[in-house]
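S.K.: sequence and predicted model, in that order:
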Amino acid sequence: MKAVKQATRSQTNSTKNRSRQDDSVLHRACPKCNGKLTLKTGRYGKFYGCSHYPACRYTENVKVNG
Ligand SMILES: [Zn+2]
């Protein structure tokens with residue numbers, strides 16, 4: 001049997017984890033529709049895609065090592 005300890009009260013971590021979605025958002029806007037370019041992973045690797053997909057299908061290659 002496993003001794004399962006459930007921490008029901010966790011009031012300690014509150015301020016640290018602000019949602020950091022910005023990691024995957026490019027700092028440029030989509031040149032076509034001014035939407036957000038977000039990092040996506042397709043079968044060919046990672047790329048930036050417009051957040052308005054499929055209405056806008058703009059994509060941009062991810063720069064790897066400059
Ligand atoms: Zn767009």
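M.R.: Looks like it came in fine.

S.K.: which parts of the chain sit against the ion?
M.R.: When proximity is defined by CB under 5 Å from the ion, the chain lies next to the ion at 30, 32-33, 35, 50, 52, 56, 58. Any C-beta I mention is one placed from the backbone N, CA and C, and that applies to glycine too.

S.K.: could you dump the residues you listed into a markdown table and include secondary structure and neighbour count?
M.R.: Shown next, in a markdown table, are the residues of the chain next to the ion (DSSP: H, G, I helix; E, B strand; the rest coil; neighbours: other CB atoms under 10 Å):
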| residue | secondary structure | neighbour count |
| --- | --- | --- |
| 30 | coil | 21 |
| 32 | coil | 12 |
| 33 | coil | 14 |
| 35 | coil | 17 |
| 50 | strand | 24 |
| 52 | coil | 15 |
| 56 | coil | 16 |
| 58 | coil | 15 |
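
S.K.: any idea where the strands of this structure begin and end?
M.R.: Under the criterion DSSP state E, strands of the chain are mapped to 25-29, 36-42, 45-50, 59-61.

S.K.: out of the ones you listed, nearest to residue 5?
M.R.: Proximity to residue 5 (CB to CB) singles out strand 36-42 among the strands of the chain, at 35.4 Å.

S.K.: which positions in the closest one come out as buried?
M.R.: Residues of strand 36-42 classed as buried: 36-38, 40 (neighbour count, 16 or more other CB atoms under 10 Å).

S.K.: quick check: the two most widely separated of the residues you listed?
M.R.: Checking the buried residues of strand 36-42 with CB to CB, the most distant pair is 36 and 40, at 11.5 Å.

S.K.: what is in contact with the two at once?
M.R.: By CB atoms under 8 Å, 6 or more residues apart in numbering, residue 36 and residue 40 have no common neighbours.

S.K.: residue ranges in the protein under the pLDDT threshold?
M.R.: Scanning the chain for pLDDT under 70 picks out the ranges 1-2, 6-23, 65-66.

S.K.: hey, what's the nearest residue to residue 62 once chain neighbours are set aside bridged with?
M.R.: Computed as CB to CB, 6 or more residues apart in numbering, the closest residue to residue 62 that is not its neighbour in sequence is residue 46, at 4.7 Å. Beta-bridge partners for residue 46, by DSSP bridges, are residue 41.
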